[in-house]
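> Next input, structure requested:
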Amino acid sequence: MARKKRRTFDGQFKFETVMEALRGEKSAAQICREREINENLLSRWKQEFLSKGPEVFEKSGHQAERELVERIAELERLVGRQTLELEILKKAGALLGSSWNGNGR
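Presented below is the predicted three-dimensional model:
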């Protein structure tokens, strides 16, 4: 006799199922029958959802990393602009015949 393949459920399905259960409009048994899942599975999903709830409101690792990358890019642009300004000032000083050598003298 062949074994049944284990079904997998995406996050959207789990979320919708848990939200339906939390709203309380239907019993857990009724939801499980309609969605063809085991009540223990629904219970596990609800527990996981409730335990990870606070993490939703914290910055995710990807978001924090993205913010750091953006900050580094901003700083690199600033350094590039200041380098360009410094070069322009050096050239202007040379054209005007000043003795400015780039280190404040």
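> Show me how the record splits the protein into domains.
10-55, 62-105 (automatic domain parsing).
> where does residue 100 land on pLDDT?
Predicted confidence (pLDDT) for residue 100: 56.
> Now do the strands in this protein.
Read by DSSP state E, the chain holds no strands at all.
> which helix of it spans the most residues?
helix 61-96 (DSSP state H).
> Give me whichever of the domains of the chain is most buried.
The highest mean neighbour count among the domains of the chain, using mean count of other C-beta atoms under 10 Å, belongs to domain 10-55: a mean of 13. Glycine gets a C-beta too; all of them are placed from N, C-alpha and C.
> pLDDT-wise, which helix or strand of the protein ranks last?
helix 53-56 (a mean of 76; mean pLDDT, DSSP states H and E).
> pLDDT at residue 60, what is it?
67.
> which stretch in the domains of the chain has the least confidence?
domain 62-105 (a mean of 85).
> picking up where we left off before, quick one: closest of the domains of the chain to residue 2.
domain 10-55 (19.4 Å; C-beta to C-beta).
> chain center to that closest one, what's the gap?
Distance of domain 10-55 from the chain centroid (C-alpha atoms, centre = their mean, to the nearest Å) equals 24 Å.
> got the end-to-end distance for that domain?
19 Å (C-alpha to C-alpha, to the nearest Å).
> Adjust the sequence numbering to begin at 44 for everything that follows.
Fine by me, first position is 44 from now on; the one you just mentioned is domain 53-98.
> List the residues that contact residue 138.
Residue 138 makes no contacts at all, as judged by C-beta atoms under 8 Å, 6 or more residues apart in numbering.
> swap in residue 116?
Residue 116 neighbours (C-beta under 8 Å, 6+ apart): none.
> Likewise for the one 4 residues further on?
The contact partners of residue 120, by C-beta under 8 Å, 6+ apart, come to none.
> ok, it to residue 132 distance?
19 Å (C-beta to C-beta, to the nearest Å).
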